[in-house]
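Enquirer: just to be clear, the model below is a prediction. Sequence and coordinates:
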Amino acid sequence: MHDHLIAPHGGTLVDLLVSDERAGELKSQSRDWPSWDLTPRQLCDLELLLCGAFSPLTGFMNRADYDSVCESMRLADGGRRPGTLWPIPVTLDLTEKAAAGLEAGSTLGLRDPEGVLLAVLHVEDVWTPDPAAHVESVYGTASRRHPGVAHVLDRTNKVAVGGRLEGIQLTPHYDYRHLRDTPYDLRTWAARSGWRRIVAFQTRNPMHRAHFELTLRAAKDLQASLLVHPVVGMTKPGDLDHYTRVRCYQALMSRYPQPTVKLALLPLAMRMAGPREALWHAIIRKNYGCTDFIVGRDHAGPGNDGDGKPFYGPYDAQELLREHQEELGIKMVPFQMMVYVEDLDRYMQLDEVPEDARTLNLSGTELRSRLADGREIPQWFTYPEVAHELTRRHPPRSQRGLTVFFTGLSGAGKSTIAHALMIKLLEMGGRPVTLLDGDIVRKNLSSELGFSREHRDLNIRRIGFVASEITKNRGIAICAPIAPYDNVRKEVRQMIEELGGFFLVHIATPLEVCEERDRKGLYAKARAGIIKEFTGISDPYEVPEDADLEITTLEHSPEEAVQEILLFLEKQGYLGSEAAE
C-alpha cells in the first residue's frame, strides 16, 4: 500500500510492538524480572523506537553502535563499512543500583511512572560511557549552558544498557490523540490521500506569519503536500508548553489550502544538537514518509554560550544535511531568515529583499515583552487567532502569579519581613497569597527530614514545587526558608520562571548580628556542638550572586523592607491597577 512512498531509513519500517498473545506472556513473565521506571526523555525515546520513527533501530543502542555514532555518525552495522547514517546516540541510562546484576542475556521490564509495563529490553550490553567524550563528539562543546550538554553531564545516570526491545504498548497520551500519528499511520493516510511528494516542517515554537509564508512557499515551489510536524516531547527548557503551541498550530491550519496540508505531532525528546540534530530530524521525517525537509537558520540550535557566541553557525545544519542528502534520499529545502518588507506588504527571504527596502522583524524577546506588558501584537507579525492563544497563555504581568523567595541566615529577619509582605499584599487584594515560612514548612511538609545537604535540598525543592503550583494558578507565593545552597535556589528559579514571576530577595543581615539576636538559642547550641550542620557555623551559606533584591535589616525596618519589595514588584509590572481588579 505504501510502495509509491519513499522507503524508510534502512529500507524497512521497524515495528517493535508484539502481538496481544506475546504481550500477555511478557506481562506474566515480567514478575520475575527487574524493572525500571522510565524518565521523561526515555519515555519519548521508547515511543519512537517502538513505532518505527527511529528505524532502523530495534532497541536502545549497544556499546558498538553508541561508540560508532559518537565517533562517525554511523551505526556499527555488525562491522560493515560504512555503517548506516545515524547522528544521535539513543541509549538507556540507569542508576548503578538499578543496573547491578544486569548482563548480556538479562531481561529488564520498562515501565512508565505509574508502573505500567510498556516494553521489555533483552540486554546485550552494560557499560559506563564517558560523558565528557560524549558531549564533545555529539555537541562539540562541554559548556553546561548548552541544554543537551547539561543533561548529559548533570542529569544522565552513569550506566548505559543496550539491547533489543519488545513493545507491549505505546506511551499512553490523553491529549490530541487524533494528531498523534505513527509513521505507519501517516504513511497509510498519505497513500489513501494520494500524497506522494511531502515536505516536512519541524518546529518547537508557535508558528507566526513568517513561518506560514515560508512553509506555503516551500510547498508551492516543490509542488508538494505539507506536513506540519511540531515536537511535543521535550524541547529547550523555557519553551512554551505544547498545549498552547498546538492550539496555535490548529488555529493556523485553516489558512492553508486544505487538501495540501496535515498537522501531526512528534513526541521527540530534542537534544538541541544543531547540525547533527538536523540530520536526525530529516531521518525521522523520512520514516514518516516525507521526501523533503525544510531547514532554516540555526536549525535546532540552543542559542549562545557564556561569551554570547552561538554554539553553531547559522547555516551549519544546512551544510551538514546537504553533504548527506543524496545518501539519505530526502531532499533538504534550505531557507534563510524571512522578514516582513513593509513597502511590499509581504514576507521575503533576507537575501531577496530589495536594497533600501524597510523591513520589520519582531524578536522573541520583544514578543515576550509585548505579552508581559499587555501591548498589541502587530498583525504583520502573527495572525489574530495565534495572538489570541498566546495572550490567553501569557496575560500581562499584573495578572500573572509570582513567587517572592527570601533567603538568608537564621535570625536575619526573613520571617518577619515575609509575614509583613503577606499582610500588605492581602490588604491590596486581587490575588490569593500564601506564606511558606521555613519553620511552618518544616513542621507540616518536611517533618521527617533532617539537616543534611540532601535533606535541605529536598526541603527547598518541596517549597519550590508548592510555590510553582501557586504561581501557575496566578496566586502569590512568599517563601522564607534559609535556602543556603546556590544550586537548588537556581533549580527552583528555573522551575517557577516558566510559569510566572520569580524574585529572589537576599536578607543580607551579617552573621554576627544574627548571632546576637539568637532568639531561639540556636547559635549558642551550634557553637557548643549540640546542633550539627548549622548554617553559618558548621555548614556554609552560599551568598546569592543572582538576587533580585538585597536588603539588610540593619538599614531597613520591616515596613521599609516591604515597601522596597512592593516598589520593585510594581516596577516589574506585577503590581498595578489591573492586578487589583
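Expert: Okay, I see it.

Enquirer: for the record, mean pLDDT for whichever strand or helix holds Gly24?
Expert: Per DSSP states H and E, Gly24 falls inside helix 20-29. Across helix 20-29, pLDDT averages out at 97.

Enquirer: so for that helix, what gets flagged as buried?
Expert: Residues of helix 20-29 classed as buried: 23, 26 (neighbour count, 16 or more other Cβ atoms under 10 Å). C-beta: built from backbone N, CA, C; applies to glycine.

Enquirer: name the helices or strands packed onto the next helix or strand after that helix?
Expert: Downstream of helix 20-29, the first helix or strand assigned by DSSP H and E is strand 35-37. Judged by 3 or more Cβ pairs under 8 Å, 6 or more residues apart in numbering; DSSP states H and E, strand 35-37 is in contact with strand 107-111.

Enquirer: partners of the strand it packs on, with directions?
Expert: Using DSSP bridges, strand 107-111 pairs in its sheet with strand 35-37 (parallel), strand 117-127 (antiparallel).

Enquirer: and stretch 128-146, what's its mean pLDDT?
Expert: Averaging pLDDT along stretch 128-146 yields 96.

Enquirer: could you do stretch 461-471 as well?
Expert: If you average the pLDDT over stretch 461-471, you get 96.

Enquirer: now find how far off-centre that stretch is within its chain.
Expert: 18 Å (Cα atoms, centre = their mean, to the nearest Å).

Enquirer: list the buried ones in that stretch?
Expert: Within stretch 461-471, the residues that count as buried by 16+ other Cβ under 10 Å are 462-464, 466-468, 470-471.

Enquirer: same deal with stretch 102-117?
Expert: For stretch 102-117, burial by neighbour count (16+ other Cβ under 10 Å) applies to 102, 106-112, 117.

Enquirer: send me that stretch as PDB with only the CA atoms.
Expert: C-alpha atoms of stretch 102-117 as PDB (Å, rounded to 0.1, in the frame of the first residue of the first chain):
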ATOM      1  CA  LEU A 102      22.300  -6.900  34.700                       C
ATOM      2  CA  GLU A 103      24.500  -8.500  32.000                       C
ATOM      3  CA  ALA A 104      24.200  -9.800  28.400                       C
ATOM      4  CA  GLY A 105      21.200 -12.100  28.300                       C
ATOM      5  CA  SER A 106      19.300 -10.400  31.200                       C
ATOM      6  CA  THR A 107      15.800  -9.100  30.700                       C
ATOM      7  CA  LEU A 108      14.600  -5.800  32.000                       C
ATOM      8  CA  GLY A 109      11.000  -4.500  32.200                       C
ATOM      9  CA  LEU A 110      10.500  -0.900  31.200                       C
ATOM     10  CA  ARG A 111       7.600   0.900  32.900                       C
ATOM     11  CA  ASP A 112       6.000   4.300  32.900                       C
ATOM     12  CA  PRO A 113       5.900   6.300  36.100                       C
ATOM     13  CA  GLU A 114       2.700   4.700  37.100                       C
ATOM     14  CA  GLY A 115       4.200   1.200  36.800                       C
ATOM     15  CA  VAL A 116       2.600   0.200  33.500                       C
ATOM     16  CA  LEU A 117       4.800  -2.200  31.600                       C
END
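
Enquirer: contact partners for the closest residue to Glu376 other than its chain neighbours?
Expert: Among residues not flanking Glu376 along the chain, Arg370 sits closest, at 7.2 Å (Cβ to Cβ, 6 or more residues apart in numbering). Under the criterion of Cβ atoms under 8 Å, 6 or more residues apart in numbering, the neighbours of Arg370 are 362, 376-377.

Enquirer: so which of these wins on neighbours?
Expert: In terms of neighbours by other Cβ atoms under 10 Å, those top out with Ile377 at 20 neighbours.

Enquirer: got the phi/psi numbers for the closest residue in space to that residue that isn't next to it in sequence?
Expert: Nearest non-adjacent residue to Ile377, counting by Cβ to Cβ, 6+ apart: Ala387, 4.5 Å away. Here is the backbone geometry of Ala387 (degrees, to the nearest 10): phi -60, psi -40.

Enquirer: same check, this time on Leu252
Expert: Main-chain dihedrals, Leu252, degrees, to the nearest 10: phi -80, psi -20.

Enquirer: run a quick neighbour tally on the closest residue to it other than its chain neighbours.
Expert: Nearest residue to Leu252, sequence neighbours excluded (Cβ to Cβ, 6+ apart): Met207, at 5.6 Å. Using other Cβ under 10 Å, Met207 is surrounded by 22 other residues.

Enquirer: the one 4 residues further on now?
Expert: Around His211 there are 23 other residues, counting by other Cβ under 10 Å.

Enquirer: how about the nearest residue to it, chain neighbours excluded?
Expert: Distance criterion Cβ to Cβ, 6+ apart; nearest residue to His211, sequence neighbours excluded, is Thr203 at 6.8 Å.

Enquirer: residues near that neighbour, how many?
Expert: Neighbours of Thr203 (other Cβ under 10 Å): 18.

Enquirer: what's the answer for Pro395, then?
Expert: Residues contacting Pro395 under the criterion other Cβ under 10 Å number 14.

Enquirer: with distance to Glu319 and pLDDT added, can I get the buried residues of stretch 102-117 in TSV?
Expert: Shown next, in TSV, are the buried residues of stretch 102-117 (distance: Cβ to Cβ, whole Å; pLDDT from 0 to 100):
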residue	distance to Glu319	pLDDT
Leu102	41	97
Ser106	42	97
Thr107	43	98
Leu108	40	98
Gly109	43	98
Leu110	37	98
Arg111	42	97
Asp112	39	96
Leu117	44	97
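
Enquirer: which among the buried residues of stretch 461-471 gets closest to Leu227?
Expert: The shortest approach to Leu227 among these belongs to Ser468, at 35.0 Å (Cβ to Cβ).

Enquirer: and the closest one, what does it touch?
Expert: Ser468 is in contact with 403, 492, 495-496, 499, counting by Cβ under 8 Å, 6+ apart.

Enquirer: then Glu542?
Expert: Residues in contact with Glu542 (Cβ under 8 Å, 6+ apart) are 484-486.

Enquirer: what's the closest of those residues to Trp195?
Expert: Asp486 (53.2 Å).

Enquirer: just the element for the nearest residue in space to the closest one that is not next to it in sequence, please.
Expert: In this structure, Asp486 finds its nearest non-sequential neighbour in Glu542, 4.4 Å apart by Cβ to Cβ, 6+ apart. Under DSSP H and E, no helix or strand contains Glu542.

Enquirer: any idea how far Glu542 lies from Tyr523?
Expert: To Tyr523, Glu542 is 19 Å away according to Cβ to Cβ, to the nearest Å.

Enquirer: for the stretch 151-300 of the chain, which spans come out with low pLDDT?
Expert: The stretch 151-300 of the chain contains no residues with pLDDT under 70.

Enquirer: where do the helices sit along it?
Expert: Assigned by DSSP state H, counting those that start in this stretch, the helices in the stretch 151-300 of the chain fall at 183-193, 209-222, 242-253, 275-287.

Enquirer: so the shortest one versus helix 275-287, what angle?
Expert: Translated: helix 183-193. 50 degrees (axes from the mean of the first three to the mean of the last three Cα atoms, to 10 degrees).

Enquirer: just checking, Thr310 touches Gly303?
Expert: Careful, residue 310 is Pro; it's not Thr. Yes. Shown here, Pro310 and Gly303 form a contact pair, counting by Cβ atoms under 8 Å, at 7.1 Å.

Enquirer: the top helix by length along the chain: how far from the chain's middle?
Expert: In the chain, taking DSSP state H as the definition, the longest helix is helix 453-472. For helix 453-472, the separation from the chain centroid amounts to 19 Å (computed by Cα atoms, centre = their mean).

Enquirer: export it as CSV, just CAs?
Expert: Taking Å, rounded to 0.1, in the frame of the first residue of the first chain, the C-alpha atoms of helix 453-472 are listed here in CSV:
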residue,chain,number,x,y,z
ARG,A,453,22.6,18.7,52.5
GLU,A,454,20.5,16.1,50.7
HIS,A,455,17.5,16.7,53.0
ARG,A,456,17.9,20.5,52.9
ASP,A,457,17.8,20.4,49.1
LEU,A,458,14.8,18.2,49.2
ASN,A,459,13.0,20.6,51.6
ILE,A,460,13.7,23.5,49.2
ARG,A,461,12.5,21.5,46.2
ARG,A,462,9.3,20.8,48.0
ILE,A,463,8.8,24.5,48.8
GLY,A,464,9.6,25.3,45.1
PHE,A,465,7.1,22.8,43.9
VAL,A,466,4.3,24.2,46.1
ALA,A,467,5.3,27.7,45.1
SER,A,468,5.3,26.7,41.4
GLU,A,469,1.7,25.4,41.7
ILE,A,470,0.6,28.6,43.4
THR,A,471,2.3,30.7,40.7
LYS,A,472,0.9,28.6,37.9
